[in-house]
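**Student:** Okay, here's the prediction I keep looking at, along with the sequence it came from:
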Amino acid sequence: MSSADPAVVIAAAREWLGTPYHDQASLRGVGTDCLGLARGIWRDVVGPEPTVIPPYTRDWGEVGDREVMATTAVEWMPQVPLSEMAPGDLIMFRMRRGAIAKHCGILVSDIRFIHAYDRLGVVEDNLNAGWRRRIAYAFRYPKEAT
């Protein structure tokens, strides 16, 4: 599976900047959460979404034995070792020790990422040490749907 051009992924993500935060939404300029942003970029870069996303809880500290977001992503996107993550990759975060990964964003550079954040909406943010230590997974957008 070939990967989407990282510049295209980042450009698509930047089109979402300023979109207000709205839980479980995915409409550019209207409202989105972090997963909705990842889904919207998929639609913009890859094509129609390959699966229906069931309702999910908003709890970033949720614990459990199943990494729902990551196991779903691996069905449609190549997983990348964290040591090899690069601009354009979808990165997933564990917001606290023992929690499952429930936040995601798009890596823009070694020090920047784009994500949808409660109260702020879609923003380009610094990937500081606090964010960096929470990264649990990285995935590449495919060039086209399989």
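**Tutor:** Done, it's in.

**Student:** how close does the residue of the chain positioned farthest from its centre sit to Gly88?
**Tutor:** Here the chain reaches farthest from its C-alpha mean at Asp65, the gap being 20.7 Å by C-alpha atoms, centre = their mean. With distances taken as C-beta to C-beta, to the nearest Å, Asp65 is found 31 Å from Gly88. C-beta coordinates here come from the backbone N, C-alpha and C atoms, glycine included.

**Student:** Ok, Tyr117 next?
**Tutor:** 20 Å.

**Student:** which of the two has more neighbours?
**Tutor:** Between Tyr117 and Gly88, counted using other C-beta atoms under 10 Å, the more crowded position is Gly88 (23 against 14).

**Student:** my guess is that one contacts Ala12, does it?
**Tutor:** No - the criterion here is C-beta atoms under 8 Å, and Gly88 misses it with Ala12 at 9.5 Å.

**Student:** Following the chain onward from the one helix or strand Trp42 maps to, which element is next?
**Tutor:** Using DSSP states H and E, Trp42 maps to helix 34-45. The helix or strand immediately downstream of helix 34-45 is helix 68-76, counting by DSSP H and E.

**Student:** Quick check: which helices or strands does that next one pack against?
**Tutor:** Under the contact criterion of 3 or more C-beta pairs under 8 Å, 6 or more residues apart in numbering; DSSP states H and E, helix 68-76 touches strand 90-93, strand 135-139.

**Student:** show me what contacts Ile135?
**Tutor:** Counting by C-beta atoms under 8 Å, 6 or more residues apart in numbering, Ile135 touches 82, 85, 91-93.
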